[in-house]
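S.K.: Provided below for reference: sequence and predicted model.
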Amino acid sequence: MCLFIETIRIDHGKACNLSRHNRRLNDTRAHFWPESTPLQLRDHLSSLSCEAGIVKARVVYGEKGIEDVSYSPYAVRHVHSLALIQADHIDYTYKSTGREPLNCLFALRGACDDILIVKQGLLTDTSIANIALSDGTHWYTPAHPLLKGTKRAALLEEGILQEKDIRPEDLPSFSTVRLFNAMIDWGELELPVRNITP
């Protein structure tokens with residue numbers, strides 16, 4: 001059976017971006033199981049103490065509904081370098097528990113901390129995050145990511161990001177790359193573009 005996940009940042013007791021997580025969960029269920037009944041994530045999340053700091057809630061779901069909810073303390077994994085990895089046929093449109101193709105690509109990173117996946121000649125995502133690149137004036141995010149993240153959706157809606165097709169040969173036009181996802185806040189993890197290696 002196919003299982004999917006939502007990873008939700010709980011910041012001092014408050015679930016972040018919950019409406020977008022809820023929408024993605026129900027859109028995924030409607031795609032795979034058109035007869036499924038919409039779910040409300042808030043009904044399945046425990047009340048956590050405000051003193052708990054940053055907690056990762058991992059919600060596993062499938063055709064029958066929510067299968068498992070687990071919580072763990074969260075600390076950002078620091079990334080100082082990215083290896084460009086070509087993968088023209090990878091598909092991670094839906095946030096599933098089946099991460100084997102991503103894990104196989106991650107294993108090719110060499111001495112780098114993570115990978116930046118190139119699909120059909122365009123930059124997409126790292127193994128764990130969406131990206132944005134700054135030219136010193138604007139922040140651009142790939143128009144065709146592997147996964148349309150909930151944080152990415154919020155940043156686009158707020159006008160902080162603009163979508164753009166970005167090729168590896170365009171990288172010298174940018175100075176900084178930021179990694180972000182539901183758990184990694186905007187501006188929390190960035191590195192110079194020169195730390196991206198072919």
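M.R.: Right, received. Where do you want to start?
S.K.: can you tell me which residues contact Ile66?
M.R.: Leu39, His44, Val59, Val60 (Cβ atoms under 8 Å, 6 or more residues apart in numbering). All C-beta spots, glycine's among them, are computed from the backbone N, C-alpha and C.
S.K.: Mind checking which of the residues you listed are buried?
M.R.: Leu39, Val59 (16 or more other Cβ atoms under 10 Å).
S.K.: need the contacts of Ile66 in JSON lines with pLDDT, can you?
M.R.: What follows is the contacts of Ile66, written out as JSON lines (pLDDT from 0 to 100):
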{"residue": "Leu39", "pLDDT": "96"}
{"residue": "His44", "pLDDT": "91"}
{"residue": "Val59", "pLDDT": "96"}
{"residue": "Val60", "pLDDT": "97"}
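S.K.: Quick one: list the elements packing against the lowest-mean-pLDDT helix or strand in the chain.
M.R.: Ranked by mean pLDDT, DSSP states H and E, the weakest helix or strand in the chain is strand 14-15, scoring a mean of 90. Helices and strands touching strand 14-15, as assessed by 3 or more Cβ pairs under 8 Å, 6 or more residues apart in numbering; DSSP states H and E, are absent.
S.K.: mind listing what it pairs with, with the direction of each?
M.R.: strand 4-11 (antiparallel) (DSSP bridges).
S.K.: outside of the partner strand, which residues touch it?
M.R.: 15-18, 21, 24-25, 28, 41, 45, 48, 52, 54-62, 71, 74, 94-97, 181-183, 185.
S.K.: repeat that with 6 Å
M.R.: 15-16, 21, 25, 28, 48, 54-55, 57-61, 95-97, 182-183 (Cβ atoms under 6 Å, 6 or more residues apart in numbering).
S.K.: Strands - which of those residues land there?
M.R.: Ala15, Ile54, Val55, Ala57, Arg58, Val59, Val60, Tyr61 (DSSP state E).
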